[in-house]
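*Asks:* Sharing a model prediction with you, sequence too.
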Amino acid sequence: MGKITHSPIGHHYIVEASGCDPKIIGNVEKVQQILVKAAEIAGASVWSISCSKFPPSGVSGVVVISESHISTHTWPEMGYAALDIYTCGTNVKPEKGVIFAIEAFGAETSHITEITRGIDEGDAVFYHSFITWEERLKKAGPKKERD
């Protein structure tokens, strides 16, 4: 009898969002709304929400979903947001939540790593695989020439 291969347990997206709008990623209420909406767009079930502002201007937030979590920490002074979305099962589409969040943050560019987790070849020894890519999300304005 051959080995039974199981579906992966989850998908984990690690996102570096650059060129974000500081007014958005520095606002606790806006960041919270974006994370919750990202969860909803992904088709996840929200269980709890916690977002806080940190000096001088960063925001940290986590949305616990029944499928796992969505979290972020932002650096408005640098236009940067780190985003993390992990979901289990096959009923959610985390990539939809990723795209929504980085667009809502106003990111110009994102570097995305997708980790497929909990891969099993039937021997109960789990492993992961990953792919990574970069996306330019909105047209960058012309660069100023330097003297």
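*Replies:* Good, I have the coordinates.
*Asks:* for stretch 107-119, which positions count as buried?
*Replies:* 107, 108, 109, 110, 112, 114, 115, 116, 117, 119 (16 or more other CB atoms under 10 Å). Placement of C-beta: from N, CA and C, glycine included.
*Asks:* Columns secondary structure on top of these, output as CSV?
*Replies:* CSV is the format used below for the buried residues of stretch 107-119 (DSSP: H, G, I helix; E, B strand; the rest coil):
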residue, secondary structure
107, coil
108, coil
109, strand
110, strand
112, strand
114, strand
115, strand
116, strand
117, strand
119, strand
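*Asks:* could you redo those as CSV and give each row pLDDT and distance to residue 22?
*Replies:* Converted to CSV, those look like this (pLDDT from 0 to 100; distance: CB to CB, whole Å):
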residue, pLDDT, distance to residue 22
107, 97, 12
108, 96, 13
109, 96, 16
110, 96, 16
112, 96, 21
114, 95, 27
115, 94, 29
116, 91, 33
117, 91, 33
119, 87, 39
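*Asks:* Of the residues you listed, which is the nearest to residue 35?
*Replies:* Distance ranking of the buried residues of stretch 107-119 against residue 35, using CB to CB, places residue 107 first at 14.5 Å.
*Asks:* Could you give the bridge partners of the nearest residue to that closest one once chain neighbours are set aside?
*Replies:* Nearest residue to residue 107, sequence neighbours excluded (CB to CB, 6 or more residues apart in numbering): residue 17, at 3.9 Å. Counting by DSSP bridges, residue 17 is bridged to residue 81, residue 110.
*Asks:* circling back to that earlier point, can you pick out the most distant pair from the buried residues of stretch 107-119?
*Replies:* Counting by CB to CB, the most remote pair of the buried residues of stretch 107-119 is 108 and 119, 33.3 Å apart.
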